[in-house]
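[1] Got a predicted structure plus its sequence, pasted below:
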Amino acid sequence: MEAHIAAKMAVGSGGLLSTMLTRLLGPKLGAYVSTRLGTVLGTRLSALLATKLGAIIGTSTATLVVGMLSWAVYLGSIGYCAYALIKLFSLHRGIAYSSDERKTSSSRANYQSTPESTNSLNRTSEYWYDPTFDQVVKSRNPPSQEAIRVIGNFQEDGSTTEEIFELFKAQQRDAFNPKFRSDAGSYNTSDKRSSRGGFYSSQEPKDTLQDRHPNVFLQNEQNPNNNNGKVENLYASRNQFWMSIVAPENFSYTMVALANNTREGLLHSLIRHGHEFKFGEDLLDALPGNLKQLVQQLRKENNRDLNIVLEKEIQKLSESEYRDLLKLLEKFQTYIQQIVQRGNYIGERVNINGQMQVYWKINDKEVLVTALSEQLYCGNVQYDAGGRARPIRKIITCFVTSAENVRSLTVNKWPVTKFFGN
């Protein structure tokens with residue numbers, strides 16, 4: 001019995017020591033030293049405890065107590081070692097949460113730590129929505145393959161993850177993500193769509209873009225990605241920023257779009273629909289080979305999960321590669337702006353999700369569709385033209401459809417109609 005107790009004490013002592021000693025002495029020497037020390041400690045501790053307690057409570061009772069203690073040390077060592085292995089594995093996988101975040105198992109993260117460019121290392125703090133746990137976490141890397149990045153260039157301003165989670169949900173509702181809307185797919189009658197159109201035509205602005213997208217600035221305003229309008233002066237940061245698409249003067253609002261976000265805005269539109277636009281280039285022309293394959297796969301499979309992979313890989317582009325991407329986005333912005341003119345305006349239509357879509361003539365065969373945000377934001381003269389400060393809507397996505405398709409819509413029960421006249 002004493003030998004059995006000593007063995008358990010030895011294993012337990014060795015287990016507790018091994019994790020610490022291997023970190024200090026290396027795996028081979030650490031394992032050897034911890035085993036020897038564990039054996040010595042186990043044997044001597046069990047004998048000492050049995051002798052001392054035996055004199056007080058009797059030999060048989062002392063043996064039982066020491067046996068129970070040895071099992072406690074043994075099981076405790078297993079738990080400690082398991083915890084240490086999980087911690088080491090988490091660090092290896094590269095998931096770094098702040099101290100107030102829940103420590104999730106690294107086995108749920110599908111992204112290994114890989115070398116990143118100097119540019120990506122200079123990013124501000126990022127928050128991600130992790131649908132696995134239905135929460136927002138702060139992390140250098142996406143915590144899961146389905147994670148969604150919160151729109152914002154976050155500083156250490158004391159915002160809680162609960163506040164940022166509410167901000168995220170508002171962003172997703174505004175972009176008509178069906179997972180965050182109770183009315184998705186419900187606008188399936190003429191009356192419902194007509195009522196929705198009336199809501200948009202009488203809507204009052206609420207909140208600023210900054211309120212809902214912290215520290216996301218207009219291109220050339222406070223945007224580190226494009227200093228004084230010169231892409232060549234690219235700053236190391238990869239912060240998100242707006243590009244303006246000025247609406248015709250007879251519109252009651254103007255528009256902006258996120259430039260470098262894979263889930264909404266101009267980059268998103270190029271990722272999903274770049275092959276539909278004929279402005280001389282496709283997104284594929286500005287990306288290295290591995291990213292070209294990802295974009296082609298996303299367009300073919302319509303797999304939204306690939307957005308997160310793209311977002312991570314785009315942050316690893318070299319400075320010259322990222323500069324080329326920004327130049328392409330500027331060309332795309334110019335192309336869209338040339339179409340969004342009063343003479344090309346066809347009208348609006350509310351889709352089945354309740355989202356406003358505006359139709360613009362490209363040529364006799366093609367039509368540009370700009371799908372807008374639900375939210376109408378407060379105006380800012382920097383985001384408009386001609387000294388105006390009209391309220392602002394975001395362009396969530398834009399794509400090309402056929403003129404024939406638009407003509408067919410005008411004769412059905414949900415036609416494209418003009419809100420703003422000729």
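    Noted; the coordinates are in hand.
[2] From residue 181, how far off is residue 199?
    Computed with CB to CB, to the nearest Å, the distance linking residue 199 and residue 181 is 14 Å. Heads up, the C-betas are built off the backbone N, CA and C, glycines and all.
[3] who has more neighbours, the two?
    residue 181 (18 against 13; other CB atoms under 10 Å).
[4] can I assume the more buried one is in contact with residue 353?
    Yes. Using CB atoms under 8 Å, residue 181 is in contact with residue 353, at 7.4 Å.
[5] Name the residues that touch stretch 375-393?
    The contact list for stretch 375-393, computed with CB atoms under 8 Å, 6 or more residues apart in numbering, reads 174, 203-209, 212, 218, 221, 242, 244, 246-247, 249, 251-256, 356, 372-373, 394.
[6] got a list of what residue 371 touches?
    Per CB under 8 Å, 6+ apart, neighbours of residue 371: 176, 351, 355, 356, 357, 395, 396, 397, 398, 399.
[7] If you could redo that for residue 399, that was the one I meant.
    269, 272, 273, 276, 368, 369, 371.
[8] Bridged to it, which residues?
    Residue 399 has the following beta-bridge partners by DSSP bridges: residue 369.
[9] how near is it to residue 170?
    25 Å.
[10] now swap in residue 331 and tell me
    32 Å.
[11] again, but for residue 278
    35 Å.
[12] neighbour count winner among those two?
    Using other CB under 10 Å as the criterion, residue 278 and residue 170 rank with residue 170 on top: 16 against 12.
[13] Nearest residue to that one in space, please, no chain neighbours.
    Counting by CB to CB, 6 or more residues apart in numbering, residue 170 lies nearest to residue 212, which is 6.2 Å off, once chain neighbours are set aside.
[14] all strands of the stretch 201-350 of the chain, in order?
    For the stretch 201-350 of the chain, applying DSSP state E, counting those that start in this stretch gives strands covering 217-218, 241-245, 254-258, 345-350.
[15] can you list contacts of stretch 274-294?
    Contacts of stretch 274-294 (CB under 8 Å, 6+ apart): 267, 270-271, 295-296, 299, 306, 309-310, 313-314, 317, 321, 324-325, 327-328, 331-332, 335, 399-400.
[16] Restricted to helices, list those residues.
    Counting by DSSP state H, the contacts of stretch 274-294 place 267, 270-271, 295-296, 299, 306, 309-310, 313-314, 321, 324-325, 327-328, 331-332, 335 in helices.
[17] just the buried members of the residues you listed?
    With burial judged by 16 or more other CB atoms under 10 Å, the buried subset of those is 267, 270-271, 295, 299, 306, 309-310, 313-314, 321, 324-325, 328, 332, 335.
[18] Put the alpha carbons of the helix or strand where residue 406 lies into CSV.
    Assigned by DSSP states H and E, residue 406 belongs to helix 403-410. Extracted C-alpha coordinates of helix 403-410, given in CSV (Å, rounded to 0.1, in the frame of the first residue of the first chain):
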residue,chain,number,x,y,z
ALA,A,403,-31.8,46.6,-69.2
GLU,A,404,-34.3,43.9,-70.3
ASN,A,405,-34.6,42.8,-66.7
VAL,A,406,-35.4,46.3,-65.6
ARG,A,407,-38.0,46.7,-68.3
SER,A,408,-39.7,43.5,-67.1
LEU,A,409,-39.8,44.9,-63.6
THR,A,410,-41.6,48.0,-64.8
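[19] Next, the buried residues of it.
    403, 406, 409.
[20] With distance to residue 260 and pLDDT added, can I get the residues you listed in a markdown table?
    Formatted as a markdown table, the buried residues of helix 403-410 follow (distance: CB to CB, whole Å; pLDDT from 0 to 100):
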| residue | distance to residue 260 | pLDDT |
| --- | --- | --- |
| 403 | 31 | 94 |
| 406 | 30 | 91 |
| 409 | 32 | 82 |
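[21] from the residues you listed, which single one is nearest residue 364?
    residue 403 (6.3 Å; CB to CB).
[22] ok, that closest one to residue 347 distance?
    Counting by CB to CB, the gap from residue 403 to residue 347 is 13 Å.
[23] remind me which residues of the stretch 201-350 of the chain are low pLDDT?
    Judged by pLDDT under 70, the stretch 201-350 of the chain has its weakly predicted residues at 220-237, 302, 304.
[24] switch to 90 and redo it
    Counting by pLDDT under 90, the stretch 201-350 of the chain contains low-confidence ranges at 219-240, 260, 262-263, 272, 274-275, 278-321, 323-324.
[25] Which residue ranges of this protein form helices?
    2-25, 27-57, 59-93, 118-121, 161-174, 190-201, 209-212, 266-273, 289-301, 306-314, 319-339, 403-410.
[26] Go ahead and confirm residue 415 touches residue 348.
    No. Between residue 415 and residue 348 there is no contact under CB under 8 Å: 10.1 Å.
[27] So these two - more neighbours on which side?
    Neighbour count, other CB under 10 Å: between residue 415 and residue 348, residue 348 has more, with 19 against 14.
[28] give me the beta-bridge partners of that one?
    Bridge pairing for residue 348 - DSSP bridges - gives residue 358, residue 417.
[29] Enumerate every residue touching residue 172.
    By CB under 8 Å, 6+ apart, the neighbours of residue 172 are 148, 179, 180.
[30] Ignore what I typed, I meant residue 165.
    129, 135, 136.
[31] Tell me how far it lies from residue 174.
    Using CB to CB, residue 165 is found at 15 Å from residue 174.
[32] Can you tell me, leaving aside adjacent residues, what's nearest to residue 207?
    residue 377 (6.2 Å).
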